[in-house]
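In: Following is a predicted model, sequence given first.
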Amino acid sequence: MFGSKSKSLLEYEIRHALPGRVRIGCESIRYLAQHAKTIEQELIEAHGIERARVSTPTANVLIHYCEDFLTTDDVRDITERVIGEYTLVALKNQRAQAHKPTVMERRLQEEPISEMVNRVSVTSATLLFSWFRRHVTKPPRGFTGRLMSMPALTTLYLSRPIVQSGVESLKTSKRPNADTLSATAILSSLFAGRDISALTIIWLADLAELLTAYTMDRTRRAIRDMLNVGDEFAWLLQEDGTERRVALAEVAEDDTVVVHAGEKICADGVVETGQAVVDQSSVTGEFMPVTRSDGQDVFAGTVVKSGTIQVRAHRVGDDTAVARIVHMVEDAVHHKANVQSFADRFSAAFIPVNFLLSGLVYGITQQTSRALNMLIIDYSCGVRLSTATALSAAICTAAKNGILIKGGNYLEQMEACDTLILDKTGTLTQGRPEIVTIAPLSPKVTERRLLEWAAAAEESSNHPMAVAILEKVRRNGWRIPAHGAGHTHIARGVETSVNGQVVRVGSRRFMQEHGIVTTVAEEAVAKMVRRRESVLYVAADDQLWGVLGIQDPLRENMKKSLNRLRFTGMDEIVLLTGDVEQQAEIIAGHMAVDDFKAEALPEDKAEMVLKLQSKGAKIVMVGDGINDAPALAYANVGMAMGGTRTDVAMEAADITIAGDNPLMIPGAIHLSQKTMQIIRQNFGLAVGVNTIGLALSSLGVLPVFWGAVLHNACTVAVVMNSGRLLFHDLERYR
């Protein structure tokens, strides 16, 4: 179970200890080879640790320490803290290493589509020519003559990559692959004088592979079309203030580019001067364009609707957020699902069986035609190609609908999930809260002063509630007073100093932890709670100044999305939030979720995921923020969605929804179910038809030519069945 694997990454144990020397084991270390030196250096920098050596093969670290300063438990805690920072990296590496190929196969996505089309065209033309000349051309005589006919020569030329792959597999992995079997069948057919049968094998096999490669190519193009920066040129600002038109490849970090209305921003960066209305929907999913001015971040691939801005480039080319997403999803075809690995193992296991059957049938019947059919008819091609095509087609369809899936393995895992965990702010809600109630609790404090001092504490925060306070102050034209450095207490609140007073803004628990009495606000808070408002307490020193009521509207269609998720088979839906319990309880009741956890820290969310997994649950986690990243990584499937989602959340997640529509969640899950249904159909069809073919061939009922047609036609059929996913309509589930 995936949950147990995830949990093992968190377990640290002292495997051996002597005075001043301890060996600590943790499964995470096995997947951190590229970070081993860095981990060793960070451990040595800790007070009291003298030497450290990381061993990734054995998943442990050997530490020499000074007993005057540290105990073995202290060393274990230090090790856990240092290595814990790399746990997300370890988890991603573990997933990447989980699916290794059983035998060496040709990678169809590396072959140009045009080359495959040419192969099919040449084969088709040769077969047609041979068919029309069948009554004119005399059958070739002798061994050499059999190899000199047009179909035979065409077969020998086109079979080169198949023969090379088959031989390479025998040399590299010491095992035959599907191409080894195909090459043997093709050459055997030629030597037996069945050149048309040999060419038919290549023609039908190439047709199936062309459909598979076409599907993979469409997947890559769909992803690139969705996230493409688009423009090939940019306007570079020169030192003399003039603009020079340059190719995108010439834009470097720290260059200043000028972006005019109607153009796409070519780099991630910060606005230096100017103001513009920017459509960020392609990257952040925000439906409404936003205004960007001095000091604000902008992303590559977003469009300037009006205005002109000068952008200082911080990340260009492959370092931009949009490029990283493209590369992550383009690599999806290499992240094999368990079912795809099973298909590979199944195929690889039956290839030697075909050779054995061929020898056995020949030994019993002494007929080469029957033995040859044992080589021509196999399970490998249909099972392997149809599975790869189905997963690639599903990823392509998802990308066209704004859902970026980073691997076929996540489609398979999503189909098996039965529990959904939802973050609240920015996921269940719109993530754009507004101040709706201002309630001062002292005659000396006005609404304006209460809000201005709250803004002073929140000015350095990017939390949605902080943004709501700051926007309210700016819209009213009020002034944020001068203040000291802000300090954030995660899931509690923030504090700063104004005119020598300590200003705190946060939850009731945050106030109580600092000895501030909150009972005076009970009546005002009760009214806010009844109106489903989130409550923020504002205090100066040890006196409560007032409370703010903030409302973050629920996403449109979120209730409908949860209803559809129940229909797809989600047995349990859980709400996790850092918000106060009262507010979480109201939202949970309104959305009819099964359970909720309030005031959850990032580690609490990850712990909840692992706790449910330990009970056998398979979890989809949906979130949008940095505090959701650990839970997204530990879930069986992590989804990042929402207009406020962060780069960290997107990279930790397995699926990114590039829009704000919650109906895409059940749409993605239904797509995964449809994909696995088609894969099961293909397994049944490929195994059933080829088994019948083998039985008929061994009895002498099925000639070699029709054996080749039956096998390869079945392969084409299951690949085309998988290709139906390219036209799957997600709109019905959105």
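Out: Structure's in. What do you need?
In: what's the spacing between the helix or strand containing Lys527 and its chain's center?
Out: Element membership for Lys527 (DSSP states H and E) is helix 522-530. Its chain's C-alpha centre and that of helix 522-530 lie 42 Å apart, by Cα atoms, centre = their mean, to the nearest Å.
In: in it, what's buried?
Out: 524-525, 528-529 (16 or more other Cβ atoms under 10 Å). Glycine gets a C-beta too; all of them are placed from N, C-alpha and C.
In: For my notes, please list those residues in TSV and give distance to Ala125 for each entry.
Out: Compiled in TSV, these are given as follows (distance: Cβ to Cβ, whole Å):
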residue	distance to Ala125
Ala524	84
Val525	81
Met528	77
Val529	77
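In: you'd agree Gly638 is up against Asp654?
Out: Yes: between Gly638 and Asp654 there is a contact at 5.0 Å, judged by Cβ atoms under 8 Å.
In: Report the set of residues contacting both of the two.
Out: Common neighbours of Gly638 and Asp654, counting by Cβ atoms under 8 Å, 6 or more residues apart in numbering, are Leu632.
In: Quick check: mean pLDDT of the longest helix anywhere in the chain?
Out: Criterion DSSP state H: the longest helix present in the chain is helix 664-698. For helix 664-698, mean pLDDT is 88.
In: The helix or strand that it is followed by to helix 664-698, inter-axis angle?
Out: Sequence order places helix 704-723 as the next helix or strand after helix 664-698, per DSSP H and E. Relative orientation of helix 704-723 versus helix 664-698 (axes from the mean of the first three to the mean of the last three Cα atoms, to 10 degrees): 170 degrees.
In: next one: helix 704-723 to chain centre, how far?
Out: Taking mean C-alpha positions (Cα atoms, centre = their mean), helix 704-723 and its chain are 33 Å apart.
In: repeat for stretch 612-630
Out: Distance, stretch centre to chain centre, for stretch 612-630: 14 Å (Cα atoms, centre = their mean).
In: before we move on, back to that, same question for the longest helix of the chain: list its buried residues.
Out: By 16+ other Cβ under 10 Å, the buried positions in helix 664-698 come out as 664-676, 678-679, 682-683, 685-687, 689-690, 693-694, 696-698.
In: ditto for stretch 112-127
Out: Residues 116, 119-120, 122-123, 126-127 are the ones in stretch 112-127 that count as buried (16+ other Cβ under 10 Å).
In: Could you list which residues are in contact with the spatially most central residue of the chain?
Out: Taking Cα atoms, centre = their mean, the centroid of the chain lies closest to Asp654, which sits 2.8 Å from it. If you count contacts by Cβ under 8 Å, 6+ apart, Asp654 has them with 405-407, 410, 632, 637-639.
In: any idea how far the one helix or strand Val122 maps to is from the chain center?
Out: Val122 belongs to helix 113-132 when assigned by DSSP H and E. Relative to the mean C-alpha coordinate of its chain, helix 113-132 is positioned 39 Å out (Cα atoms, centre = their mean).
In: same question, stretch 233-245
Out: Distance of stretch 233-245 from its chain centroid, counting by Cα atoms, centre = their mean, is 37 Å.
In: And stretch 28-39, by the same measure?
Out: 23 Å.
In: so what's the residue nearest to the centre of the chain closest to, chain neighbours aside?
Out: Sequence neighbours aside, Tyr410 is the residue nearest to Asp654 in space, at 4.2 Å (criterion: Cβ to Cβ, 6 or more residues apart in numbering).
In: what's the neighbour count on that neighbour?
Out: Close neighbours of Tyr410, defined as other Cβ atoms under 10 Å, add up to 26.
In: Name the next helix or strand following the helix or strand harbouring it along the chain.
Out: Remark: Tyr410 resides in helix 408-416, with elements defined by DSSP H and E. Next helix or strand after helix 408-416 toward the C-terminus (DSSP H and E): strand 419-423.
In: Tell me the first helix or strand C-terminal of that next one.
Out: strand 434-440.
In: Can you tell me the strand partners of that following strand and which way each runs?
Out: In the sheet, strand 434-440 lines up against strand 543-551 (antiparallel) (DSSP bridges).
In: Pull out the buried positions in the strand it pairs with.
Out: Result for strand 543-551 [16+ other Cβ under 10 Å]: buried residues 544-551.
In: that older thread, the helix holding Tyr410 versus helix 664-698: what angle between them?
Out: With the same axes, to 10 degrees as the basis, helix 408-416 and helix 664-698 are set at 100 degrees to each other.
In: For helix 408-416, which helices and strands make contact with it?
Out: If you count contacts as 3 or more Cβ pairs under 8 Å, 6 or more residues apart in numbering; DSSP states H and E, helix 408-416 packs onto helix 338-365, helix 380-400, strand 637-641, helix 664-698.
In: Against Met639, how distant is the residue nearest to Asp654?
Out: 9 Å (Cβ to Cβ, to the nearest Å).
In: for Ile113, same thing?
Out: Distance from Ile113 to Met639, by Cβ to Cβ: 32 Å.
In: quick revisit: make CSV out of the buried residues of helix 522-530 and add distance to Leu420 and pLDDT.
Out: Formatted as CSV, the buried residues of helix 522-530 follow (distance: Cβ to Cβ, whole Å; pLDDT from 0 to 100):
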residue, distance to Leu420, pLDDT
Ala524, 35, 92
Val525, 31, 90
Met528, 29, 88
Val529, 26, 82
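In: returning to that earlier point: which one of the helices and strands packed on helix 408-416 lies closest to Thr38?
Out: Closest to Thr38 of the helices and strands packed on helix 408-416 is strand 637-641 (Cβ to Cβ; 25.3 Å).
In: dump the residue contacts of Leu237.
Out: Leu237 touches 243, 255-258, 310, counting by Cβ under 8 Å, 6+ apart.
In: Mark which of those are part of strands, please.
Out: 243, 256-258, 310 (DSSP state E).
In: Quick check: Gly166 touching Pro176?
Out: Yes: Gly166 is in contact with Pro176 according to Cβ under 8 Å; the separation is 6.9 Å.
In: Determine which member of these two has the greater number of neighbouring residues.
Out: Gly166 (24 against 21).
In: quick one: which helix or strand includes the more buried one?
Out: Gly166 is part of helix 160-172 when elements are defined by DSSP H and E.
In: okay, the helices and strands packed on helix 408-416 in CSV with distance to Ala208 next?
Out: Shown next, in CSV, are those (distance: least, Cβ to Cβ, whole Å):
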stretch, distance to Ala208
helix 338-365, 14
helix 380-400, 5
strand 637-641, 30
helix 664-698, 11
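In: The ones you listed: which one's closest to Arg76?
Out: strand 637-641 (28.8 Å).
In: Can you give me the buried ones in the closest one?
Out: Buried, per 16+ other Cβ under 10 Å, within strand 637-641: 637-641.
In: just stretch 437-444 next, same as before
Out: So stretch 437-444, judged by 16+ other Cβ under 10 Å, has buried residues 437-441.
In: Name the nearest of those residues relative to Leu730.
Out: For those, the nearest to Leu730 is Thr437 (39.9 Å; Cβ to Cβ).
In: ok, now which ones touch Cys714?
Out: Cys714 neighbours (Cβ under 8 Å, 6+ apart): 382, 685-686, 689-690, 693.
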